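[1] Prediction below, plus the sequence it came from.
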Amino acid sequence: MIAPFLLALALVAAPAKTTSPVQRIVIASDSTAASYGPDRYPQMGWGMVLKCSLTPNVEVVNLARGGRSTKTFIEEGLWSVLLADLKPGDTVLIQFGHNDADTRKIIRFTDPNGAYDVNLRRFVGDVRTAGGRPVLVTPIARWMWEGGKPKDAHGPYAATVRKVATEMKVPLVDLDADMMAALQARGQLASRGLYLFYTPNDHVARYPDGVSDDTHINEQGARLAAALVATRLKGLGLPVSKSVRPASVAGQARLGGPTCP
């Protein structure tokens, strides 16, 4: 039988088991960040692989949904769902713009200097009230070229995101600018391979007749975008920034799904 004082001494001497506190990154966005099942491959959203740039103690909660604008994200109750689950200290990445600019499906549309601005400010205020840390993200660049350079497809919307970030002192991830720079660096032809451009001869099961989509990204595009987001997050000085290990933006693996290299 172990003497009580020896047992106490052993307990004091034993090193305590420590675990890093779990941090969360919550994503509110559209199809360019959303998660998809294997049946949708090669389409992927950057939110699916952001985890590949984070330490294991960071959980990604991806609430991005395809086809949503700031307006419909609110009207459909998705924002209320996010707030109900939000925990103090959560980092919330807020990225909209593609569908806010949609004048064909007018239910999505918001004026960049009107409702879009108002909705972004609401998102920031709500997250702060709940004890979270909002981060604004400009919409990801489309594969559009003009005069040998990537075309700015989100001008007034990206400008509003930057303005709100400045005026409300919100950390900014300028994915629009960063993706355009990445497209320019790769060149028009090579960068086309980051988006959903396939011919019937590519024998892609989901697109037997081919597809030409300059907005949505494939696996390589998603991995690049996630690495760009992570690179910005690393430099923002947020608590979660210490747990960011940005994947390389030089080249993206093709693993057939959202697993990490």
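    On my side now, so go ahead. Numbers count the residues shown, from 1 in each chain.
[2] List the contacts of the nearest residue to Thr160 once chain neighbours are set aside.
    Of all residues not flanking Thr160 in the chain, Pro112 sits nearest, at 4.8 Å (C-beta to C-beta, 6 or more residues apart in numbering). Backbone N, C-alpha and C define where each C-beta goes, glycine included. Taking C-beta atoms under 8 Å, 6 or more residues apart in numbering as the criterion, Pro112 is in contact with 100-101, 156-157, 159-160.
[3] Going by neighbour count, which of these comes out on top?
    With neighbours set by other C-beta atoms under 10 Å, the maximum within the contacts of Pro112 is found at Asp100, which has 27 neighbours.
[4] how about Val229, secondary structure?
    Counting by DSSP: H, G, I helix; E, B strand; the rest coil, the backbone at Val229 sits in helix.
[5] Checking my notes, the residue nearest to Thr160 in a helix, right?
    No: Pro112 is assigned coil when assessed by three-state DSSP, not a helix.
[6] separation between it and Leu238?
    Distance of Pro112 to Leu238, computed by C-beta to C-beta, to the nearest Å: 27 Å.
[7] and what of Thr129?
    18 Å.
[8] the more surrounded of these two?
    More neighbours surround Leu238 than the other of Thr129 and Leu238, with 17 against 10 (other C-beta under 10 Å).
[9] residue contacts, the more buried one?
    Contacts of Leu238 were listed using C-beta under 8 Å, 6+ apart, and they are 91, 133, 135, 171.
[10] Next: Met179.
    140-141, 224-225, 228.
[11] Gln23 now?
    Neighbours of Gln23 in contact, by C-beta under 8 Å, 6+ apart: 57-59, 89-91, 239-240, 243.
[12] ok, Gly256 - how many residues close by?
    Using other C-beta under 10 Å, Gly256 has 10 neighbouring residues.
[13] pretty sure it is in a helix, no?
    No: when three-state DSSP is applied, Gly256 is found to be coil, with no helix at that position.
[14] how close does it sit to Glu219?
    Relative to Glu219, and taking C-beta to C-beta, Gly256 is found at 8 Å.
[15] Spell out which residues are contacts of both of those two.
    Residues touching both Gly256 and Glu219 by C-beta under 8 Å, 6+ apart: Tyr41.
[16] lowest-pLDDT helix or strand in this structure?
    Sorting the helices and strands of the chain by mean pLDDT, DSSP states H and E puts helix 4-13 at the bottom, at a mean of 38.
[17] Can you identify the element that follows that helix toward the C-terminus?
    Scanning forward in sequence from helix 4-13 by DSSP states H and E, the next helix or strand is strand 23-28.
[18] In the sheet, which strands lie alongside that next one, parallel or antiparallel?
    strand 58-62 (parallel), strand 91-95 (parallel) (DSSP bridges).
[19] returning to that earlier point: okay, the contacts of Pro112 in a markdown table with distance to Lys71, secondary structure and pLDDT next?
    Shown next, in a markdown table, are these (distance: C-beta to C-beta, whole Å; DSSP: H, G, I helix; E, B strand; the rest coil; pLDDT from 0 to 100):
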| residue | distance to Lys71 | secondary structure | pLDDT |
| --- | --- | --- | --- |
| Asp100 | 7 | coil | 96 |
| Ala101 | 12 | coil | 96 |
| Pro156 | 16 | helix | 97 |
| Tyr157 | 13 | helix | 98 |
| Ala159 | 19 | helix | 98 |
| Thr160 | 14 | helix | 98 |
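[20] tell me which of these is nearest to Arg192?
    Ala101 (22.1 Å; C-beta to C-beta).
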